[in-house]
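Q: Just to be clear, the model below is a prediction. Sequence and coordinates:
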Amino acid sequence: MPEHNNKDLLSDKDLFLAISNGSHEAFQQFFNIYQKRVYGFLYKMLCSHEEAEELSQIVFIKIWENRATKNLDSSLDAYVFKIAKNCALDMLRQEVRKLLFEKKMIDNFKTSEDGEADAIDKDLKRHIESLITHIPERRREIFKLRYEEELSYKEISEQLNISIGTAQTQVERTLNYLRQQLGKELWAVTLPLITFFSILKG
């Protein structure tokens with residue numbers, strides 16, 4: 001970002017130095033300059049107002065938390081938007097992993113044309129079914145409607161008289177639980193499951 005023309009504003013170098021020294025006033029000035037630009041940049045990458053808003057806050061938190069350990073070896077613009085880009089890419093990777101995980105859930109609750117799933121899918125399905133016995137009954141019901149009966153969120157909401165958002169939230173909570181448990185219990189699961197889990201970490 002070029003040097004600021006307003007005499008009351010610090011230059012990029014002085015602004016970052018003041019922030020590095022813990023100046024809340026300098027950080028507020030920095031936030032005022034960059035907040036809308038960072039939000040706009042993130043929105044273009046994520047196409048979501050909610051995610052762009054959430055992530056823009058994380059970007060500024062990261063900058064403040066790392067203020068004492070970072071040397072400004074490039075322009076302030078380059079530094080800020082590098083962090084914003086990395087945050088957005090991390091979020092997109094997480095979304096991809098969620099989609100892969102959800103696809104695997106769907107695949108493992110289906111059977112092949114001859115009614116038999118292969119050994120890998122049988123082991124995984126058995127383990128998943130064991131895990132979901134520990135979640136609340138209502139959440140388990142929603143999850144099974146989604147993956148065993150392959151209903152859409154709209155169909156689930158109509159059948160159970162709940163909102164689409166509630167159905168999505170309950171499924172997401174179950175998927176998060178399964179991701180966590182599969183990671184914790186990886187040592188106890190068959191070798192084919194280890195191969196599957198590598199997808200989630202990729």
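A: Right, received. Where do you want to start? Numbers count the residues shown, from 1 in each chain.
Q: Poorly predicted segments of this structure, please.
A: Applying pLDDT under 70 to the chain flags the ranges 1-10, 70-73, 96-125, 182-202.
Q: Quick check: L131 vs E141, distance?
A: Per Cβ to Cβ, to the nearest Å, L131 is found 15 Å from E141. C-beta coordinates here come from the backbone N, C-alpha and C atoms, glycine included.
Q: same question but for M45, I mixed them up
A: Distance from M45 to E141, by Cβ to Cβ: 36 Å.
Q: Quick one: residues in contact with stretch 155-173.
A: Residues from elsewhere that reach stretch 155-173 (Cβ atoms under 8 Å, 6 or more residues apart in numbering): 138-139, 141-143, 145-146, 151, 153-154.
Q: Most neighbours of all the residues you listed, which one?
A: I142 (27 neighbours; other Cβ atoms under 10 Å).
Q: Nearest residue to that one in space, please, no chain neighbours.
A: In this structure, I142 finds its nearest non-sequential neighbour in Q170, 4.5 Å apart by Cβ to Cβ, 6 or more residues apart in numbering.
Q: what's the burial count for that neighbour?
A: When neighbours are counted by other Cβ under 10 Å, Q170 registers 23.
Q: Helix, strand, or coil at it?
A: Following DSSP: H, G, I helix; E, B strand; the rest coil, Q170 is assigned to helix.
Q: How about the contacts made by A52?
A: Contacts of A52 were listed using Cβ under 8 Å, 6+ apart, and they are 39-40, 42-43, 46.
Q: and if we set it to 10 Å?
A: 38-46, 84, 88, 91 (Cβ atoms under 10 Å, 6 or more residues apart in numbering).
Q: how close does the residue nearest to I142 sit to Q180?
A: Note on Q170: its distance to Q180, by Cβ to Cβ, is 16 Å.
Q: Then I132?
A: From I132 to Q180 the distance is 13 Å (Cβ to Cβ).
Q: go on, Y39?
A: Applying Cβ to Cβ, the value for Y39 to Q180 is 31 Å.
Q: got it, and L42?
A: Distance, L42 to Q180, by Cβ to Cβ: 27 Å.
Q: K85 now?
A: Taken as Cβ to Cβ, the span from K85 to Q180 is 28 Å.
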